[in-house]
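Novice: Give me a model of this one.
(one chain, ligands or ions: 1)
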Amino acid sequence: MTTMTRRTVFAGNWKMFKTHQESLDLAKGIRDGVSEIGSREVIVFPPSSYARAVAEICRGSKVAVGMQNMHFEQEGAFTGEISPPMVRDCGCRYVLIGHSERRHVFGETDTDVNKKVKAAFKNDIEPVICVGELLDEREKGLTAEVVRRQVEAALSEISSDQMIQVIIAYEPVWAIGTGKVATPEMADEAHRYIRQFVKSRYSPETADALPILYGGSVKPDNIAGLFHMEHIDGVLVGGASLKVDSFLDIVRVT
Ligand code: PEP
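Specialist: Take a look at the predicted model:
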């Protein structure tokens, strides 16, 4: 049996920020700043309108590009949506699925998330699946239950072979864009539940190889504590990924 190495991933979600030129400048700065990062992987999620241009800039570099969202149908009358083939056509290797803003602002359900994960695989796109509890759910002691429900639903009918290409991001909703970061211990505990669930559903090897990223107000001054936890394999960064220097400080954490 071959042992799979767990990947270390630093991802930047630019959300609905940056113009065309600003996106190109940010992509160039990141691309030029990550040449010495060894086996660490970097993914950027630019606004959809600039994904292709950013992918051109990052081609052949250590920076991969992903889309922030997509529809699960191959094509159709879905005004304003982006299809999986369009995501591929823009040069994206990854797609973010189930980001809390998609779930809580746009009403995406666990079922939608699962359909999108399946659509990603059908189109040779690697999903970065986001899960995380609301503040109220944490305060009621429901974190493990909520995260398990979200992961279980997202992975419904996903095979062991496909699991090798899944990345999960644990992003407690109360920590996203709020400046309130989960403590390294809180994040690590949630990551451990996720790994435990994947172990019971798939295999110890699959669980061990799964990259689980933490997201929620990650900044250069709090990355070190998080990054050194056993079950935290990288981070998904929003606000601090919008500036070259702060994102590079995070990616280069020692
Ligand atoms: C995010 O958008 O996924 C995120 C974690 O944002 P922030 O780092 O700004 O909290």
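Novice: For the helix ranked longest in the chain, enumerate the helices and strands it packs against.
Specialist: Scanning the chain for the longest helix, with DSSP state H as the assignment, gives helix 184-201. Contact partners of helix 184-201 among helices and strands, from 3 or more Cβ pairs under 8 Å, 6 or more residues apart in numbering; DSSP states H and E: helix 143-154, strand 167-170, helix 204-209, strand 212-215, helix 223-227. C-beta: built from backbone N, CA, C; applies to glycine.
Novice: quick one: secondary structure of residue 249?
Specialist: Classification of residue 249 by DSSP: H, G, I helix; E, B strand; the rest coil places it in helix.
Novice: Run a quick neighbour tally on it.
Specialist: Residue 249 has 16 neighbouring residues, counting by other Cβ atoms under 10 Å.
Novice: go on, residue 189?
Specialist: Here the number of neighbours of residue 189 (other Cβ under 10 Å) works out to 16.
Novice: tell me the contacts of the residue nearest to residue 225 when sequence neighbours are not counted?
Specialist: Among residues not flanking residue 225 along the chain, residue 184 sits closest, at 4.4 Å (Cβ to Cβ, 6 or more residues apart in numbering). Applying Cβ atoms under 8 Å, 6 or more residues apart in numbering, we find residue 184 in contact with 225, 226, 228, 229, 232.
Novice: residue contacts, whichever residue of the stretch 101-250 of the chain sits closest to the ligand?
Specialist: Relative to the ligand, the nearest point of the stretch 101-250 of the chain is residue 238 (2.1 Å; Cβ to the nearest ligand atom). The contact partners of residue 238, by Cβ under 8 Å, 6+ apart, come to 12, 13, 15, 176, 177, 215.
Novice: Can you check what angle separates the longest helix of the chain from helix 143-154?
Specialist: 40 degrees (axes from the mean of the first three to the mean of the last three Cα atoms, to 10 degrees).
Novice: Is any residue of helix 184-201 near the ligand?
Specialist: No: contact of helix 184-201 with the ligand (Cβ under 6 Å from any ligand atom) is absent, the minimum separation being 11.7 Å.
Novice: just stretch 113-132 next, same as before
Specialist: No: using Cβ under 6 Å from any ligand atom, we find that stretch 113-132 stays clear of the ligand, coming within 6.9 Å at best.
Novice: same deal with stretch 134-147?
Specialist: No: Stretch 134-147 does not reach the ligand (Cβ under 6 Å from any ligand atom); its nearest approach is 13.8 Å.
Novice: and this structure, which of its residues are near the ligand?
Specialist: Residues of the chain lying close to the ligand (Cβ under 6 Å from any ligand atom) are 13, 15, 171, 176-177, 215-218, 236-240.
Novice: Great, nothing more from me.
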